[in-house]
Structures are given as C-alpha cells and as structure tokens.
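**Student:** Give me a model of this one.
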Amino acid sequence: MPYPREIYLGEVREAELVQHIESELVQYYMDTSEHLDDLIQWQSDYWAKPTKKQAIFPFKGACTTVIPVTAIAVEAIHARTETQLFGQQQLVAAQSISNEWDEAQKPLEDFMNYYLFRKIKIKSELSSCFLEAEKFGTMIGKPGYERVVRYGAREINGEEKNFSVVYKDGPCFDAIPDSRFLYPYWAKDVQSSDWVGEEHSESPYYIYQAEKAGLFREGIYEDLMIYMENQMSGSPGDDGKKFDRSQMDLEHTKYSIGKNLEWIEFWTAWEVDSSDVKKEIVIHYHRDSRKIMSIRYNYLSDLRRPYRIGKYFPVEHRSRGIGICKMNEQFQRSITTRHRQFVDNATLANIRMFKIHKLSGYGNGEPIFPGKMWFLDNMDQIDTIQMGEVYPSAYQTEQSDVIYSQQRTGVNDVTLGMPQVGTPGTATSDLARIQEGNKKFDLWYMRVRDFGDEVIMDIADLYQQFGPRNLEYFYTAAGGEMVRAFMQLPSSYIREGIIINLKVSSQVHNKVLDRQNWQQIAGFLNQYYQGLAQLAIPLGNPQMIQLIFTKGLGALTEAMRQILETYDVRNIDRIIVKELDLMLKGQIPSILGGGNGPLPLPSGAQPNNRVTGAGEATGMEQLLSLITGNREGGGGNGSRIS
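**Tutor:** Got it, this is the predicted structure:
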C-alpha cells in the first residue's frame with residue numbers, strides 16, 4: 001500500500017506554516033538546552049572514561065580510574081529486563097474476550113511473535129528504548145508505517161530490463177533517542193500537546209529512496225542535493241547532532257555527521273483550509289533550506305500521534321522520568337574521588353626514597369637488588385625516606401558512598417549475585433532481602449509491560465489498516481485463516497481489545513510455567529472425569545454418561561495439546577487424536593452416534609450402537625472401561641448399559 005496522499009497548501013499558506021514551525025522550534029531549543037547538556041554528561045558518566053591518560057597531580061602517575069558505578073547498575077537492570085522479557089521467546093500474549101475467538105488466541109500469538117521478531121526485528125529497537133530509559137529516565141518508541149522500494153536491472157534473453165523490488169512495506173517500530181525527540185517540556189501527554197516531532201538524520205540515498213517510495217515530494221532529493229553542494233552549514237537547531245558528536249568522541253569515531261541530511265518531522269493540528277477547524281497533519285521539514293519535504297493528513301486510524309513514552313522512575317506531573325545516571329550522578333563522582341585518594345595514599349605509603357651522603361660514592365645509576373651489600377664509612381650515609389602512611393579513612397568513606405548509591409538505585413550485592421560482605425546472613429534473611437529488593441525492579445518492569453502493550457496494539461492496528469505485504473502466511477501457517485479473520489475486523493475492535501486483547505507476555509504465559517501447570521491440570525482432569533463417571537454410572541442415565549465421556553474426550557485431548565505446545569513439538573496433530581476435535585465440531589462421523597454432527601445424546605434408553613459387529617461391546621462401553629479401569633468391555637458394578 002502506498003503512503004497516503006500529500007496535500008498542498010499554496011505558497012502563502014505553506015510560508016505561514018514554516019513560520020509557525022520555526023517559532024515553536026526556537027522556543028523549544030531555548031527551553032531544553034540544559035536538558036541536552038545533562039544527557040551528554042550522563043552518557044559520559046556511563047562510559048566512565050578517564051579525562052586524562054596520566055595525571056600529574058598530586059604527583060605524576062596518580063590514579064585516574066573512574067569507578068563505573070552507573071554502568072554497573074544500568075547493566076544489571078538491563079540484563080534482568082531483557083532476559084525476563086525476551087528469554088521466553090514469546091513477546092505477545094493473546095487473551096480472548098469473546099468465547100467465539102478462543103481458538104484464535106494461539107494462532108494470533110504465533111503470528112504477532114513471528115511478525116515482530118522476523119519482519120520488524122523489534123528486539124533491538126525495544127532494547128534501545130529500555131536501555132535509554134534505564135540510563136536517562138525516558139524511553140520513546142514510534143510504531144509507524146514504512147515503505148522502501150529498491151531498483152535494479154537484469155539481463156533477460158539478451159536484453160537489459162529495469163525492475164523494482166518492494167524491500168519494506170508495512171508497520172515498523174523505531175526507538176527515538178531522547179536527544180532527538182522534540183516535545184514541549186511543559187507538556188504532560190503526547191496526544192494532548194500542541195505539537196510533537198523528532199529530528200531525523202539520514203544519508204542522501206535514504207532521501208532518494210523515500211522520494212521514490214512516495215514519502216517525500218517529487219524533486220525534493222535534487223533540490224536538497226543542490227542546496228547541500230552550495231551551502232554546507234549546520235542546522236539552526238542541531239541539538240541532536242551535538243549529542244551524537246559527544247557520543248562519537250567517547251567511541252573515538254571521526255565520521256562526519258555533516259554528510260547526513262537533517263530534517264524535522266512535525267506532528268501538529270493546523271488550519272489547512274478556510275473551515276476554521278484545526279486538522280491533524282504531519283510535516284517533514286528541512287530547516288537549513290526552509291523547504292517543505294511533504295505535508296499530509298494524519299494517516300493513523302484514530303488520528304493519534306505515533307509516539308509512545310515510558311519512564312524508568314516517574315516524576316510527578318512530568319512526562320519524563322529519572323534514570324540511574326541521574327540517581328548516581330553525585331555518588332559516582334564522590335566514589336571516584338574517594339577511590340583515587342585511597343589508591344594515591346597507598347601508592348605514596350609504598351614508595352621509598354633513599355637519602356645518601358654526598359661522600360658515599362654512589363650515584364643515580366647504582367643498581368639496587370636484594371642481598372646487595374653496601375660498604376660505608378658511616379652507617380648513616382644511606383637511609384630510606386617514607387612518602388606517607390596508610391590511612392584507612394578514605395576506604396571507609398568510599399564504602400559509605402557505595403551504600404548510599406545502592407540504596408538509591410536498588411542494585412546491591414544480592415541483586416548482582418555477589419557474596420555478601422562480612423558475616424553472611426541466613427538463607428531466610430537473604431530471601432527477604434531479595435524480595436524487598438525486587439520491588440523497585442518490579443515497578444520498572446511493570447512500566448516496560450505497559451509500554452510494550454501500547455506498542456503491540458499500535459502495530460496490530462497498523463497492520464489492519466495498511467494490510468499485509470504477503471498473503472502466504474494466512475494460507476500456509478496453522479490457524480492462518482483465523483488470523484486473517486481477526487485482521488479484517490474494524491480497527492476499533494483491534495485497538496480497543498474488544499475481541500482479543502494483545503499484550504506483553506508475562507510469567508503466567510511463560511512456556512516453562514505453562515508446562516508445569518498443564519501437567520498438574522491434566523492429572524486433575526483425569527481424576528475429575530473418572531469421579532464423574534463413577535458417580536453417574538449407578539444413576540443409569542445414559543445421556544449423562546455420554547455427556548461426561550464427550551466432555552472428557554475433548555478436555556483431555558486439549559490438555560495434551562497444550563502440554564505438547566509448551567515443548568515446541570512439531571506435527572502435534574500426528575501425535576494426539578485430532579479426529580476427536582473434528583468429531584466434536586461435527587466435521588467427521590461420530591463413533592458414538594454415527595452420521596455427521598457433534599457427538600449426539602441418545603434418544604432412547606438402550607443405546608446399542610455397535611462399533612464393529614454383534615457380540616462386541618459398544619463404543620460407550622469401551623470408553624467407559626478405559627475411564628473406570630475395566631478392560632473387559634462391560635459388566636460388573638453396573639457398568640454395562642442395556
């Protein structure tokens with residue numbers, strides 16, 4: 001599906017729109033310049049890169065180590081987040097609201113996990129979101145639509161022919177850096193804000209592809225290339241590039257960001273006509289040349305702005321949160337200073353210098369080695385001078401700062417899996433510490449799931465709106481027809497979760513836990529139906545007995561299917577009795593009642609339907625003998641029905 005159509009406002013109206021965008025951006029950059037400086041400083045704290053290779057104060061060769069307290073906490077939290085979210089190989093869980101869609105839950109889960117991991121490759125983008133939130137306090141994600149077309153040529157029958165390939169076409173997801181996210185600092189919500197946007201930085205080839213795919217206006221690539229050749233200057237609001245340059249300095253990268261093209265994506269409400277109604281639009285705008293690259297109406301089904309925001313630790317009445325870098329800002333500096341003092345003190349305490357009498361006859365090049373004998377006229381001619389004493393106070397103050405840092409971030413020896421310092425506690429006390437320490441992480445993981453729920457629903461809604469790129473999945477994958485039926489529902493049904501609610505998989509949906517739960521449930525089901533059969537047999541009611549058999553067959557077969565799915569077993573239908581499902585749905589003749597249709601209840605008191613021939617036990621009797629443990633096919637304890 002191509003991009004939605006562009007709109008043209010005319011030169012005068014577009015000039016007014018450009019002026020509006022410029023006024024908002026100028027004010028934004030003035031308000032957020034200090035926030036960008038904080039981001040640069042926090043990133044530097046995370047990298048913990050020494051400012052000097054060799055210190056000359058208080059003496060040459062003094063300690064320059066930076067203790068990476070922030071990095072230790074961030075990486076511990078990030079490892080737990082990713083392993084808990086992605087370790088189960090199942091990101092999406094489907095929960096049906098309507099009983100009629102129960103059978104679509106598993107196929108829809110498989111499809112969404114396949115699409116997110118294989119097509120969108122969402123794992124790396126979500127990882128960037130989580131990592132930035134853990135470091136800086138805020139994560140920004142953008143579910144959207146993307147279309148990329150590539151062109152080539154092939155020689156066919158001796159003749160060269162041009163052709164095109166649709167490389168990407170469908171929903172996508174991008175992690176938006178906080179340094180490039182444009183959002184009024186006073187605003188509390190993206191959807192109610194006057195405007196929202198982001199800074200883009202891409203290669204000229206990307207601009208060419210986007211123009212060919214229909215994202216940008218025709219001819220914009222050539223216009224921007226001419227402009228770039230004539231004027232290579234920085235953008236008036238290049239804050240995003242400022243952060244990128246600082247990052248490249250940390251990575252020792254010398255690539256010039258100026259080779260990329262910078263432009264603004266701006267979502268706002270604007271009076272595009274004389275109706276006096278502000279309509280939702282999205283603008284791509286090149287600030288250097290003040291050129292409009294594209295204008296189109298908001299193409300999302302519910303006119304939402306596509307950005308989703310999550311926080312590591314909340315700040316009251318603010319859309320941005322607090323990250324570990326901010327929490328550890330003062331402690332990392334204090335711990336680093338104390339550690340350097342401690343190391344320098346120990347270095348000086350272990351340094352020895354020699355005082356030698358001028359007339360001793362020894363010079364600077366005199367070798368020193370163990371067992372060397374010095375022949376002196378006076379025993380006071382050679383002696384040592386100690387540079388300092390060992391003072392443990394620096395180490396003690398460093399440890400107190402470490403404790404304060406652990407209390408603020410919630411990352412300590414227990415969560416890091418390290419042995420406890422000092423006298424070890426009991427197992428009960430350690431377990432209690434772990435449970436209490438997990439509460440701060442549980443708060444963060446709850447926000448991760450909320451963020452993921454919004455992203456998953458947005459992507460499903462975009463898939464329904466723009467349609468699939470390939471239809472093969474619906475005809476080849478198990479349950480593909482159910483997935484297609486779900487995607488054909490109105491967008492509001494999908495977005496609001498009216499039929500099936502899509503959300504991030506939790507521990508309840510973990511396959512290992514599912515396996516254990518279903519193994520226990522299967523045992524309970526077996527006992528339950530055996531007990532029902534034993535209670536129903538003395539009553540002599542064949543309808544009741546056959547109903548128990550019918551439900552028992554379906555329940556035990558479904559339990560076995562669920563267990564095999566948790567083991568990722570292939571060809572499950574070849575293992576279980578698939579015909580029972582078809583029989584219950586009326587798709588094949590019933591072995592109990594004959595003919596097509598669901599398993600019937602007998603109309604008379606003597607259901608003598610035979611499975612094979614005369615003189616053999618009925619199908620009901622055989623099933624009854626299996627449930628009650630009687631393998632003789634009837635008789636005894638009132639089990640024979642006549």
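**Student:** who's in contact with the nearest residue to Asp102 once chain neighbours are set aside?
**Tutor:** Leaving aside its sequence neighbours, Asp102 sits nearest to Ser96 (Cβ to Cβ, 6 or more residues apart in numbering; 5.1 Å). Every C-beta, even on glycine, is put in place using the N, C-alpha and C of the backbone. Listed by Cβ atoms under 8 Å, 6 or more residues apart in numbering, the contact partners of Ser96 are 102, 104-105, 499-501.
**Student:** Next, work out how far apart Ser96 and Ser491 are.
**Tutor:** Separation of Ser96 from Ser491 (Cβ to Cβ, to the nearest Å): 18 Å.
**Student:** likewise Ser23?
**Tutor:** Ser23 is 35 Å from Ser491, where distance means Cβ to Cβ.
**Student:** cool, Trp186 as well?
**Tutor:** For Trp186, the distance to Ser491 equals 32 Å [Cβ to Cβ].
**Student:** Ser23 and Ser491: which is more packed in?
**Tutor:** Neighbour count, other Cβ atoms under 10 Å: between Ser23 and Ser491, Ser491 has more, with 15 against 10.
**Student:** who's in contact with the nearest residue to the more buried one once chain neighbours are set aside?
**Tutor:** The shortest distance from Ser491 to any non-neighbouring residue, by Cβ to Cβ, 6+ apart, is to Ser301 (4.2 Å). Contacts for Ser301 (Cβ under 8 Å, 6+ apart) come out as 461, 464-465, 491-492, 495.
**Student:** so who does the residue nearest to the spatial centre of the chain touch?
**Tutor:** Centroid-nearest residue in the chain: Leu126, 3.3 Å away (criterion: Cα atoms, centre = their mean). Contact analysis of Leu126 by Cβ under 8 Å, 6+ apart lists 85, 141, 173, 175, 452, 455.
**Student:** hang on, Leu462 in a helix?
**Tutor:** Yes. Counting by DSSP: H, G, I helix; E, B strand; the rest coil, Leu462 is part of a helix.
**Student:** secondary structure class for the nearest residue to it once chain neighbours are set aside?
**Tutor:** Closest residue to Leu462 apart from its sequence neighbours, by Cβ to Cβ, 6+ apart: Pro171 at 3.9 Å. Using three-state DSSP, the secondary structure recorded for Pro171 is strand.
**Student:** circling back to that earlier point, does the residue nearest to the centre of the chain belong to a helix or a strand, and which?
**Tutor:** In this assignment (DSSP states H and E), Leu126 forms part of helix 122-136.
**Student:** So for that helix, what gets flagged as buried?
**Tutor:** Across helix 122-136, burial judged by 16 or more other Cβ atoms under 10 Å covers 122, 125-136.
**Student:** what's the answer for stretch 516-533, then?
**Tutor:** For stretch 516-533, by 16+ other Cβ under 10 Å, it's 518, 521-522, 525, 529-530, 532-533.
**Student:** ok, Gly467 - how many residues close by?
**Tutor:** The burial count for Gly467: 13, using other Cβ under 10 Å.
**Student:** now do the one 4 residues further on
**Tutor:** Number of residues near Leu471 (other Cβ under 10 Å) recorded here: 11.
**Student:** Output the below-cut-off pLDDT ranges for the stretch 151-300 of the chain.
**Tutor:** 231-240, 252-258 (pLDDT under 70).
**Student:** Could you rerun that using 50?
**Tutor:** 233-237 (pLDDT under 50).
**Student:** ok, which stretches of it are strands?
**Tutor:** Ranges of strands within the stretch 151-300 of the chain are 159-176, 181-182, 195-202, 261-270, 279-286, 291-297, based on DSSP state E, counting those that start in this stretch.
**Student:** In CSV: the ones you listed, plus mean neighbour count and distance to Tyr404.
**Tutor:** Formatted as CSV, those follow (neighbours: other Cβ atoms under 10 Å; distance: least, Cβ to Cβ, whole Å):
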stretch, mean neighbour count, distance to Tyr404
strand 159-176, 15, 32
strand 181-182, 22, 31
strand 195-202, 20, 37
strand 261-270, 21, 42
strand 279-286, 20, 46
strand 291-297, 19, 50
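**Student:** Let's have those in JSON lines, adding distance to Leu36.
**Tutor:** Listed next are the strands of the stretch 151-300 of the chain as JSON lines, based on distance: least, Cβ to Cβ, whole Å:
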{"stretch": "strand 159-176", "distance to Leu36": "15"}
{"stretch": "strand 181-182", "distance to Leu36": "11"}
{"stretch": "strand 195-202", "distance to Leu36": "11"}
{"stretch": "strand 261-270", "distance to Leu36": "15"}
{"stretch": "strand 279-286", "distance to Leu36": "20"}
{"stretch": "strand 291-297", "distance to Leu36": "24"}
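**Student:** For Thr566, find the nearest of those strands.
**Tutor:** For the strands of the stretch 151-300 of the chain, proximity to Thr566 was assessed by Cβ to Cβ; strand 159-176 is nearest, at 27.9 Å.
**Student:** helices or strands next to the closest one in the packing?
**Tutor:** helix 122-136, strand 138-156, helix 427-466 (3 or more Cβ pairs under 8 Å, 6 or more residues apart in numbering; DSSP states H and E).
**Student:** Out of those, which gets nearest to Ser179?
**Tutor:** Smallest distance to Ser179 across those (Cβ to Cβ): 8.9 Å, for helix 122-136.
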